[in-house]
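*Asks:* Everything below, folded, please.
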Amino acid sequence: MARNIMIQGTMSNAGKSLVCAALCRIFRQDGLRVAPFKSQNMALNSFITNTGGEMGRAQVVQAQAAGIAPDVRMNPILLKPTTDVGSQVILNGQVLGNMGASEYYRRKREFIPAIREAYDSLAAEYDVIVLEGAGSPAEINLKQDDIVNMGMAKLADAPVLLVGDIDRGGVFAQLYGTVALLEPEERARIKATVVNKFRGDRAILEPGLQTLERLCGVPVAGVIPYVRADIDDEDSLTERFRRGTGTREIDIAVIRLPRISNFTDFSPFERYENVSLRYVERVRDLGRPDLILLPGTKSTIADLLWLRQSGLETAVLHAHANGTTVLGICGGLQMLGKAVRDPQGVEAAGVRELNGLGLLDIETDFLPEKVQTQTAGTFSGVTGLLAGLNGLDYAGYEIHMGRSQVPPLLCGENVYGSYIHGIFDAPGVCDRVLLSLCEKKGIPFARLGAFDPAEYRERQYDLLADAVRSGLDMDLVYRVLNRL
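*Replies:* As a prediction, the model looks like this:
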């Protein structure tokens, strides 16, 4: 069976996912066959594998860093929040159903055999498994029947590195407080602590690090610098939503829906020096963008109601009437149609039918069975501003409960929609969209800058690995991994 090491954090967004991705790349660079694993992930950013299974994007990123194909075994349980107190439960890549939080926590132990089977099958194929925890292991109200932090560490007999986030302040209290709240057998699994997201002179930290080692009884494995590698984020805590609102040569506005999902669809646009990608949730911030993007959502009807009540529906319609191009992906596509119907209450939004924005000639009906598939092809029949896409290849994946009969890219009058997540990732597609917007504005495309997506992504993983390797005592990490 594979050797293993687990990364747990003092809180959500402490940097666990990226540290795991970095270790996956480092172990790969060092000649090991490595795979990521997270028993339970809660996120609206998901991915469809080549076998039609759904999994969290964090483990997709980690698999890419490891140089292997994403596999649902890497994330056997995915929770996709549908309300404040309930989630759609994905087990082994397939929808199990919607559950309230209390029901899920009551039934958690039922999922242990599936978790063990997924982990053991991966461990039989790889040299190293890098496990990721969720939130904090010291959530004492949730520790009973834990299956993702210390419960998973026990199940896999994994040593743990505990990561704290110094950028948010109080890192010594985070780390020591977490250790202090653990049971003795849990505490014994922590082999070292890690200070993450540090900016400044490490020498200033040394007195605190020495005290932390004495209090926790384990060494500090390292201080990882604040990493600026451009790698997809896991969930809505992403810094992308907090970026400035300044506009550049081409201005793209993404409507930040309350239940936004798969916002990484739009990451390719961010990598052009003179393209601004802004996330907008208030009418006054919309401005006059060149392109408005309606993203995916876990609850189309609830977010369509929010769009209407916030005044952004009227603002989008007004912008479209004045020549702004509008494009929707998945739930955004559904909103752009004439009507959305949910007769069986699949979305649990309490509303069974709602008119859409009426910009596309489609209607959507929600059914209990989810569409989960990868898809690829060649654009054809695209009209209007984006007609230049015709002849280009596309690839991506579909995840949706709603049914609407649409081509890969549905066209209206200066409005477009698609069910395909990742449609802008294929070579040339993002370039062609931006080129069309440049031609409309009368500016040269060369002013935007350009990049090779595949080469860029690999370079970012290497930058991340270099930063983490420089901050960690890798000799100590290997001793932990090898139980020395």
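
*Asks:* Break this structure into its domains for me.
*Replies:* Following automatic domain parsing, one finds the domains of the chain at 3-231+459-481, 250-442.

*Asks:* Save these as TSV, and put in distance to D452 too.
*Replies:* Just so you know, the C-beta spots here come from the backbone N, C-alpha and C atoms, and that holds for glycine as well. Converted to TSV, the domains of the chain look like this (distance: least, C-beta to C-beta, whole Å):
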stretch	distance to D452
domain 3-231+459-481	9
domain 250-442	8
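
*Asks:* Parallel or antiparallel, list what pairs with the biggest strand by length in the chain.
*Replies:* As assigned by DSSP state E, the longest strand anywhere in the chain is strand 363-378. As defined by DSSP bridges, the strand partners of strand 363-378 come to strand 339-341 (parallel), strand 393-403 (antiparallel).

*Asks:* who wins for proximity to D71 among those?
*Replies:* Minimum separation from D71 across the strands paired with strand 363-378 (C-beta to C-beta) falls at strand 393-403, 14.4 Å.

*Asks:* Which element, helix or strand, includes the nearest residue to C216 once chain neighbours are set aside?
*Replies:* Leaving aside its sequence neighbours, C216 sits nearest to V179 (C-beta to C-beta, 6 or more residues apart in numbering; 4.8 Å). Taking DSSP states H and E as the criterion, V179 maps to helix 171-181.

*Asks:* ok now stretch 23-37, how far from the chain's centre?
*Replies:* Its chain's C-alpha centre and that of stretch 23-37 lie 20 Å apart, by C-alpha atoms, centre = their mean, to the nearest Å.

*Asks:* if we can go back for a sec, any chance of the domains of the chain in TSV with mean neighbour count, mean pLDDT and distance to P453 as columns?
*Replies:* Formatted as TSV, those follow (neighbours: other C-beta atoms under 10 Å; pLDDT from 0 to 100; distance: least, C-beta to C-beta, whole Å):
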stretch	mean neighbour count	mean pLDDT	distance to P453
domain 3-231+459-481	20	95	11
domain 250-442	19	94	6
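
*Asks:* Which other helices and strands does the helix holding V179 contact?
*Replies:* Contact here means 3 or more C-beta pairs under 8 Å, 6 or more residues apart in numbering; DSSP states H and E; on that basis helix 171-181 packs against strand 160-165, strand 190-198, helix 206-216.

*Asks:* Can I get these in a markdown table including distance to P408?
*Replies:* Listed next are the helices and strands packed on helix 171-181 as a markdown table, based on distance: least, C-beta to C-beta, whole Å:
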| stretch | distance to P408 |
| --- | --- |
| strand 160-165 | 41 |
| strand 190-198 | 40 |
| helix 206-216 | 54 |
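
*Asks:* Which one of those lies nearest to M74?
*Replies:* Closest to M74 of those is strand 160-165 (C-beta to C-beta; 18.6 Å).

*Asks:* just the angle between that closest one and strand 190-198, please?
*Replies:* Inter-element angle recorded for strand 160-165 and strand 190-198: 20 degrees (by axes from the mean of the first three to the mean of the last three C-alpha atoms, to 10 degrees).

*Asks:* ok, back up a step: got the CA positions of the longest strand of the chain in CSV?
*Replies:* Output of strand 363-378 as CSV, limited to C-alpha atoms (Å, rounded to 0.1, in the frame of the first residue of the first chain):
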residue,chain,number,x,y,z
GLU,A,363,-37.5,26.7,-21.8
THR,A,364,-36.0,24.6,-19.0
ASP,A,365,-37.6,21.7,-17.0
PHE,A,366,-35.8,20.3,-13.9
LEU,A,367,-35.8,16.5,-13.5
PRO,A,368,-34.4,14.4,-10.7
GLU,A,369,-31.7,12.7,-12.8
LYS,A,370,-28.5,14.8,-13.3
VAL,A,371,-26.7,15.1,-16.6
GLN,A,372,-23.0,14.3,-16.0
THR,A,373,-20.9,14.0,-19.1
GLN,A,374,-17.8,15.2,-20.8
THR,A,375,-18.3,16.6,-24.2
ALA,A,376,-16.3,17.8,-27.2
GLY,A,377,-16.8,18.8,-30.8
THR,A,378,-16.4,21.6,-33.3
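
*Asks:* Figure out how far it is from the centre of its chain.
*Replies:* Mean-position distance between strand 363-378 and its chain equals 20 Å (C-alpha atoms, centre = their mean).

*Asks:* cool, stretch 185-204 as well?
*Replies:* 25 Å.

*Asks:* Start and end of it, how far apart?
*Replies:* From its first residue to its last, stretch 185-204 covers 33 Å (C-alpha to C-alpha, to the nearest Å).

*Asks:* still on that earlier bit, for I224, find the nearest of the helices and strands packed on helix 171-181.
*Replies:* Taking C-beta to C-beta, strand 190-198 is the member of the helices and strands packed on helix 171-181 nearest to I224, at 4.8 Å.

*Asks:* same for the closest one, what does it pack against?
*Replies:* Counting contacts by 3+ C-beta pairs under 8 Å, 6+ apart, strand 190-198 is packed against strand 160-165, helix 171-181, helix 206-216, strand 220-225, helix 474-481.

*Asks:* Going along the chain, name the strands of the stretch 351-484 of the chain.
*Replies:* Assigned by DSSP state E, counting those that start in this stretch, the strands in the stretch 351-484 of the chain fall at 353-355, 363-378, 393-403, 410-411, 415-418.

*Asks:* Pull up the pairing partners for the fourth one, direction included.
*Replies:* If I follow you right, that is strand 410-411. Strand pairing for strand 410-411, using DSSP bridges, gives strand 415-418 (antiparallel).

*Asks:* again with the first one
*Replies:* Strand pairing for strand 353-355, using DSSP bridges, gives strand 339-341 (antiparallel).

*Asks:* and D425, what does it touch?
*Replies:* In this structure, D425 makes contact with 268, 395-396, 453, judged by C-beta atoms under 8 Å, 6 or more residues apart in numbering.

*Asks:* whoops, Y126 was the one
*Replies:* Residues in contact with Y126 (C-beta under 8 Å, 6+ apart) are 2, 33-35.

*Asks:* Ok, T375 next?
*Replies:* 395-398, 408, 420.

*Asks:* and it, what are its bridge partners?
*Replies:* Beta-bridge partners for T375, by DSSP bridges, are G396.
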